[in-house]
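> Below are the sequence and a predicted model; questions follow.
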Amino acid sequence: MEPVPRIVVVYQDARGREPFTVWLDRQDMAVLSVVAKRLGRVADGLPGDTKAVGGGVYELRFAVAAG
């Protein structure tokens, strides 16, 4: 099966805040690199390990470190 490219959208709450962006801004360069690479793969249609959480939303699961 061919990968289907996707558009990655960052969630905004009713006040326009982006919890993911706030979290990402607090991470070190190693985490930023892993997350950026993974989101690139998602955009290319290769999501990897995911879990549906409802409403068409999926969480990406990372097997990099504990936590």
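Sure thing, it's come through. All figures in this text were calculated on a predicted structure; none of them were measured in a lab. Numbering: from 1, shown residues only.

> how about low-confidence regions in the protein?
Within the chain, the stretches with pLDDT under 70 are 65-67.

> the helices in it, which residues?
Taking DSSP state H, the helices of the chain run over residues 19-25, 29-43.

> For residue 49, which of those helices is the nearest?
Checking the helices of the chain against residue 49 by Cβ to Cβ gives helix 29-43 as the closest, at 9.7 Å. Every C-beta, even on glycine, is put in place using the N, C-alpha and C of the backbone.

> Check what contacts that closest one and list those residues.
Outside helix 29-43, the residues that touch it by Cβ atoms under 8 Å, 6 or more residues apart in numbering are 5, 6, 7, 8, 24, 27, 47, 48, 60, 62, 64.

> Selecting buried members of the residues you listed in PyMOL, what would you type?
Buried subset of these, written as a PyMOL selection, criterion 16 or more other Cβ atoms under 10 Å:
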select buried, resi 47
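
> farthest pair in the contacts of helix 29-43?
5 and 27 (25.7 Å).

> And the helices of the chain: which comes nearest residue 52?
Among the helices of the chain, helix 29-43 comes nearest to residue 52, with 14.1 Å by Cβ to Cβ.

> Now do the buried residues in the closest one.
By neighbour count on 16+ other Cβ under 10 Å, the buried set for helix 29-43 is 35, 38, 42.

> distance of the second one from residue 62?
What that stands for is residue 38. 7 Å (Cβ to Cβ, to the nearest Å).

> Now the terminal residues of stretch 41-57, how far apart.
17 Å (Cα to Cα, to the nearest Å).

> Name the residues of it that are buried.
Under the neighbour-count criterion of 16+ other Cβ under 10 Å, stretch 41-57 has 42, 47 buried.

> That one: how far from the chain's middle?
8 Å (Cα atoms, centre = their mean, to the nearest Å).

> going forward can the numbers begin at 16, since that is how I track them
Okay, residue one is now 16; in that scheme the one you just asked about reads as stretch 56-72.
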